[in-house]
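Asks: I'd like to go over a predicted model; first the sequence, then the structure.
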Amino acid sequence: MTPPRIVILTGAGISRESGLHTFRDPDGIWARHRIEDVATPEAFARNPALVQGFYNARRAQLRDPSLHPNAAHEALAELDARWPGDLLLITQNVDNLHDRAGSRRLIHMHGEMAKARCLRCGVVSAAEGDLSPETPCPACGTTGGMRPHVVWFGEMPLEMERIGEALEACDLFVSIGTSGAVYPAAGFVQEVRHHADTLELNLEPSEGSHLFDETRHGPATQLVPAFVKDLLAKWA
Ligand code: BJW
């Protein structure tokens with residue numbers, strides 16, 4: 001028997017136990033910042049310093065030596081390394097914890113905070129430190145055009161064609177630590193539910209919980225390693 005083709009979608013909940021805030025929980029990022037001030041292209045055009053400050057502070061958290069991938073990131077990296085069939089991990093997260101845990105078959109559909117994109121030449125480059133209007137693009141050398149390489153509201157998420165193909169082909173879709181509030185990611189379960197098994201692993205029911213075949217509720221660091229262990233015991 002061939003192993004099921006797996007697509008896994010993750011959201012901010014998987015990084016919560018590493019110490020990063022989610023967006024929509026009561027202590028989340030959107031409780032302290034207005035989306036229209038920091039997470040739209042219009043906000044960046046209106047007040048680039050405010051938006052750069054928001055991302056500079058969050059980028060500093062990525063450099064904090066106490067920030068580490070947790071057991072859920074590590075379990076998904078182990079699954080990636082050992083899974084004998086097709087697998088794609090799609091993360092909405094702009095942190096680098098899946099990368100640091102070792103996941104390789106990975107798409108950051110909402111971009112990556114540790115990268116910048118030049119509005120003048122389009123080149124994406126590493127940006128581990130602060131960005132400002134004075135930051136030069138390492139490719140074209142101009143200043144004033146470096147923006148965080150993240151996907152804001154109203155912008156097209158990244159690699160949608162590859163994601164669409166993987167969703168169409170998958171046999172198992174697993175959604176982890178996401179509220180199901182933001183499209184197109186929130187619509188993936190609807191795209192696959194007539195041809196794939198669907199499983200939600202989340203602290204609490206998401207907005208789309210009723211669309212999944214199975215839901216398990218609890219912290220990602222408990223649910224994800226247990227899920228991966230069962231899957232590998234059966235197939236790897
Ligand atoms: C735990 C846990 C623990 C806690 N263990 N779990 C269709 C209908 C309606 C609207 C639209 C639509 N299509 C498009 C839109 C517009 C818009 C949209 O969705 N708006 C909604 C508000 C309705 N979407 C867009 O604009 C997107 N672009 C787009 O659609 O382009 C056109 C297009 C058309 C057709 C096809 C394709 C494209 C772009 C969206 C960009 C989102 N950007 C952000 C910011 C990125 C940069 C940054 O980080 O600053 O991405 S917003 C923010 O939300 C961030 C996240 O990736 C995203 C999702 O949040 P997530 O990860 O789900 O976090 P939370 O906080 O919501 O949930 C956390 C969950 O974890 C909770 O359930 C907790 O319970 C749980 N949890 N601790 C397990 N320990």
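Replies: Received, thanks. Everything numeric in this text was worked out from a predicted model, so none of it was measured.
Asks: What strands flank the lengthiest strand in the chain, and is each parallel or antiparallel?
Replies: Taking DSSP state E as the criterion, the chain has its longest strand at strand 111-118. According to DSSP bridges, strand 111-118 forms sheet pairs with strand 124-126 (antiparallel), strand 146-150 (antiparallel).
Asks: Can you give me every residue that contacts Ala185?
Replies: The contact partners of Ala185, by C-beta atoms under 8 Å, 6 or more residues apart in numbering, come to Leu9, Gly11, Ile90, Gln92, Met109, Pro157, Thr178. In this view, the C-beta of every residue, glycine as well, is placed from N, C-alpha and C.
Asks: a markdown table please, covering the strands paired with strand 111-118 and showing mean pLDDT.
Replies: Putting the strands paired with strand 111-118 into a markdown table (pLDDT from 0 to 100) gives the following:
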| stretch | mean pLDDT |
| --- | --- |
| strand 124-126 | 98 |
| strand 146-150 | 97 |
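Asks: Tell me which of the ones you listed sits nearest to the ligand.
Replies: strand 146-150 (3.8 Å; C-beta to the nearest ligand atom).
Asks: what comes up buried for that closest one?
Replies: Applying a neighbour-count criterion of 16 or more other C-beta atoms under 10 Å, one finds Met146, Arg147, Pro148, His149, Val150 buried in strand 146-150.
Asks: next one: stretch 219-228
Replies: With the criterion 16+ other C-beta under 10 Å, stretch 219-228 contains buried residues Pro219, Ala220, Thr221, Leu223, Val224, Pro225, Phe227, Val228.
Asks: The fourth one and Leu88, how far apart?
Replies: Leu223 sits at a distance of 20 Å from Leu88 (criterion: C-beta to C-beta, to the nearest Å).
Asks: ok, the buried residues of strand 146-150 vs Phe44, which is closest?
Replies: Arg147 (6.1 Å; C-beta to C-beta).
Asks: pretty sure the closest one is in contact with Lys115, am I right?
Replies: No. Using C-beta atoms under 8 Å, Arg147 is not in contact with Lys115; the gap is 10.2 Å.
Asks: rewinding a little: in TSV: the strands paired with strand 111-118, plus distance to the ligand.
Replies: Conversion of these to TSV gives the following (distance: least, C-beta to the nearest ligand atom, whole Å):
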stretch	distance to the ligand
strand 124-126	15
strand 146-150	4
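Asks: Adding distance to Thr2, write those out as CSV.
Replies: Below are those laid out as CSV (distance: least, C-beta to C-beta, whole Å):
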stretch, distance to Thr2
strand 124-126, 36
strand 146-150, 36
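Asks: Neighbours of Ala166, how many?
Replies: 22 (other C-beta atoms under 10 Å).
Asks: ditto for Arg58
Replies: If we define neighbours as other C-beta under 10 Å, then Arg58 has 18 of them.
Asks: Could you check which helix or strand contains it?
Replies: Element membership of Arg58, judged by DSSP states H and E, is helix 48-63.
Asks: quick one: average pLDDT of that helix?
Replies: For helix 48-63, mean pLDDT rounds to 96.
Asks: Can you dump the C-alpha atoms of that helix in PDB for me?
Replies: Output of helix 48-63 as PDB, limited to C-alpha atoms (Å, rounded to 0.1, in the frame of the first residue of the first chain):
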ATOM      1  CA  PRO A  48       6.300  53.000   7.100                       C
ATOM      2  CA  ALA A  49       8.100  53.900  10.400                       C
ATOM      3  CA  LEU A  50       5.200  52.500  12.400                       C
ATOM      4  CA  VAL A  51       5.000  49.300  10.400                       C
ATOM      5  CA  GLN A  52       8.800  48.800  10.400                       C
ATOM      6  CA  GLY A  53       8.800  49.300  14.200                       C
ATOM      7  CA  PHE A  54       6.100  46.600  14.600                       C
ATOM      8  CA  TYR A  55       8.100  44.100  12.600                       C
ATOM      9  CA  ASN A  56      11.500  45.200  14.000                       C
ATOM     10  CA  ALA A  57      10.200  44.300  17.500                       C
ATOM     11  CA  ARG A  58       8.800  40.900  16.400                       C
ATOM     12  CA  ARG A  59      12.000  40.200  14.500                       C
ATOM     13  CA  ALA A  60      14.000  40.900  17.700                       C
ATOM     14  CA  GLN A  61      11.900  38.100  19.300                       C
ATOM     15  CA  LEU A  62      13.300  35.700  16.700                       C
ATOM     16  CA  ARG A  63      16.900  36.600  17.700                       C
END
